[in-house]
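Q: Kindly return the folded structure for what I paste below:
(one chain, ligands or ions: 1)
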Amino acid sequence: MTNLRTASRTHGFTESVIREMTRVAASTGALNLAQGFPDFPAPDLLKEAACKAIRDDVNQYAVTWGAASLREELARFYQTWYGMPVDPKLHVTVTCGATEAMAAILLALADPGDEVVVPEPFYENYGPDATLAGARPVFLPLTPPDFHLDPQRLEAVLTPRTRFLILNTPNNPTGRVLTREEAEGVARVARERDLIVVTDEIYEHIIYDGEHLALATLDGMAERTIVVSGLSKTFSVTGWRVGTIVAPEGLTRAIRKVHDFLTVGAPAPLQEACAVGLRELGAPYFRSLATEYRERREVLVKGLQDAGFRCQAPQGAYYVMADFSPLSRVGEDDTAFAHRLSREGGVTPVPGSSFFRPGSDVGKTLARFAFCKRVETLHDAAARLREFADSSA
Ligand code: GLN
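A: I've put the predicted structure just below:
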């Protein structure tokens, strides 16, 4: 046993709970409704395009900030879909997933001591990303069940050191979609306090109620908004690791340098395939994606409610946050419940506390279930949940 030192910046991190639960699902043989990855195939056109790119020998590094074809399709997409003027040469960077995008942005733009506001509950990477950049995450608690984002409460957590706000809509894990009124409120605060808003819009096409609003399109926001997204969820290819950033020119220059030193680039043939997907699939595909997810949502929400969980149908993304109190044993917290449900019920969720700051009690009665699964898988999960509820009654 040696005594070699590890970097103190990592000491506060726990392992990813989401990926840990994937291992729990595998070891217990449970249905994995923990990690948000589809169990159904990607569109054929996309798979063919990837095979063709490899056969055509697109096997070496792409341009470090992204294959020209993909950056051009992305610029076209942002223009036609949201009316955003995007120059593929100046504003777009392709990364290894939205995960790298978020890390590269904060490493490129945050200085030690800067504060990054993270609305809570949050996707588990944002806090560690801020910490890796030497910045400090500052959590803004939102109140269940509707998790409304109140601009006054945002203002209350700002200090002279606050430089960034990370906003994820449609939201993982709550499924909330930011309303126009909330977005206007955030934009006003960002302009007044000179904040950079990093919007994680990875679920932009998976939306059931309302409409996805790109914050960058609001007055005065293009110059201070960094849009993170990617093709993982849109094309059901989470393992391809193709993420995207659209940012103002000056910020893009810094982000590209960090991205280059971190990863050089995302997989070249897969970038070509994503460009083909964006060009050929377009609006009808995006619409059918949302329709198919709506059906999956109904099956899981009904399954959870029938088994006794308390939950609401999400407005977007593909997760349900469910209160398991009616099914829990005395003194059982979210982690113990998630493990028992895996072992005894054959369904694995993510413990709710991993979406809240360490020590918070809010997530202790919650579990997150992902429904990016085939309808059959979800019917199977619903039946298992029902049986679990009956046997623990
Ligand atoms: N975004 C997905 C989730 O929340 C996948 C997380 C991951 O493993 N990167 O489950």
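Q: need the residues of the stretch 1-150 of the chain near the ligand, please.
A: 18, 19, 35, 36, 99, 123 (CB under 6 Å from any ligand atom). All C-beta atoms are positioned from the backbone trio N, CA, C, and that covers glycine.
Q: Pick out whichever of those residues sits closest to the ligand.
A: Nearest to the ligand among those is residue 36, at 3.2 Å by CB to the nearest ligand atom.
Q: Burial check on that closest one, number of neighbours?
A: Counted by other CB atoms under 10 Å, the residues lying close to residue 36 total 24.
Q: contacting residues around the residue nearest to it when sequence neighbours are not counted?
A: Distances taken as CB to CB, 6 or more residues apart in numbering put residue 370 closest to residue 36, at 4.5 Å, once the chain neighbours are dropped. Listed by CB atoms under 8 Å, 6 or more residues apart in numbering, the contact partners of residue 370 are 33, 34, 35, 36, 37, 318, 319, 350.
Q: For the ligand, give me its nearest residue in the stretch 201-350 of the chain.
A: Of all residues in the stretch 201-350 of the chain, residue 238 sits closest to the ligand, at 6.6 Å by CB to the nearest ligand atom.
Q: helix or strand for that residue, which one?
A: Assigned by DSSP states H and E, residue 238 falls within no helix or strand.
Q: which among the residues of the stretch 1-150 of the chain next to the ligand gets closest to residue 304?
A: residue 36 (16.3 Å; CB to CB).
Q: can you give me the helices in this protein?
A: Taking DSSP state H as the criterion, the chain contains helices spanning 17-28, 44-55, 68-82, 97-109, 126-132, 151-157, 180-192, 249-263, 268-280, 282-307, 334-340, 375-392.
Q: and the fourth one with helix 249-263, angle?
A: Taking axes from the mean of the first three to the mean of the last three CA atoms, to 10 degrees, helix 97-109 and helix 249-263 form an angle of 110 degrees between their directions.
Q: got the contact list for the residue in the stretch 101-250 of the chain that the ligand sits nearest to?
A: Residue nearest to the ligand within the stretch 101-250 of the chain: residue 172 (5.1 Å; CB to the nearest ligand atom). Residues in contact with residue 172 (CB under 8 Å, 6+ apart) are 36, 123, 202, 203, 317, 319.
Q: okay, now the fifth one: neighbour count?
A: Which is residue 317. Counted with other CB under 10 Å, residue 317 comes out at 29.
Q: How about the contacts made by it?
A: Taking CB under 8 Å, 6+ apart, we find residue 317 in contact with 170, 171, 172, 175, 203, 206.
Q: Look at the residue lying closest to residue 134 once chain neighbours are set aside and report its pLDDT.
A: Distance criterion CB to CB, 6+ apart; nearest residue to residue 134, sequence neighbours excluded, is residue 112 at 3.7 Å. Reported pLDDT at residue 112 in the predicted model: 95.
Q: mind checking the end-to-end distance for stretch 331-349?
A: Start-to-end span of stretch 331-349 (CA to CA, to the nearest Å) is 19 Å.
Q: what is the mean pLDDT for that stretch?
A: Mean predicted lDDT for stretch 331-349 stands at 97.
Q: That stretch and the ligand, are they touching?
A: No - legend: contact between stretch 331-349 and the ligand by CB under 6 Å from any ligand atom is lacking; minimum distance shown is 10.6 Å.
Q: Check which residues of that stretch are buried.
A: For stretch 331-349, a neighbour-count test (16 or more other CB atoms under 10 Å) marks 332, 334-335, 337-342, 345-349 as buried.
Q: go on, stretch 148-166?
A: 149, 151, 154, 157, 158, 162, 163, 164, 165, 166.
Q: Make a markdown table from those and add pLDDT to it.
A: Converted to a markdown table, the buried residues of stretch 148-166 look like this (pLDDT from 0 to 100):
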| residue | pLDDT |
| --- | --- |
| 149 | 95 |
| 151 | 95 |
| 154 | 97 |
| 157 | 98 |
| 158 | 98 |
| 162 | 98 |
| 163 | 98 |
| 164 | 98 |
| 165 | 98 |
| 166 | 98 |
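Q: Just flag the most distant two among these.
A: By the measure CB to CB, 149 and 163 form the most distant pair in the buried residues of stretch 148-166, at 18.6 Å.
Q: between the buried residues of stretch 331-349, which is closest to residue 299?
A: Closest approach to residue 299 among the buried residues of stretch 331-349 (CB to CB): residue 347, at 13.1 Å.
Q: Surely the closest one is in contact with residue 30?
A: Yes - look at residue 347 against residue 30 with CB atoms under 8 Å: they come within range, at 5.7 Å.
Q: Chain neighbours aside, what residue packs nearest to residue 355?
A: Residue nearest to residue 355 in three dimensions, not counting chain neighbours: residue 121, with 3.7 Å by CB to CB, 6+ apart.
Q: so what's the backbone phi/psi at the one you found?
A: phi -70, psi 160 (degrees, to the nearest 10).
Q: Would you mind measuring from it to residue 204?
A: Distance from residue 121 to residue 204, counting by CB to CB, to the nearest Å: 19 Å.
Q: With residue 251 instead?
A: 20 Å.
Q: before we move on, what about residue 255?
A: Counting by CB to CB, the gap from residue 255 to residue 204 is 20 Å.
Q: Same check on residue 211?
A: When residue 211 is compared with residue 204 (using CB to CB), they lie 10 Å apart.
Q: higher neighbour count, those two?
A: Taking other CB under 10 Å, residue 211 and residue 204 do not tie; residue 204 has more neighbours (24 against 9).
Q: still on that earlier bit, between the contacts of residue 317, which sits nearest residue 301?
A: Closest approach to residue 301 among the contacts of residue 317 (CB to CB): residue 175, at 10.1 Å.
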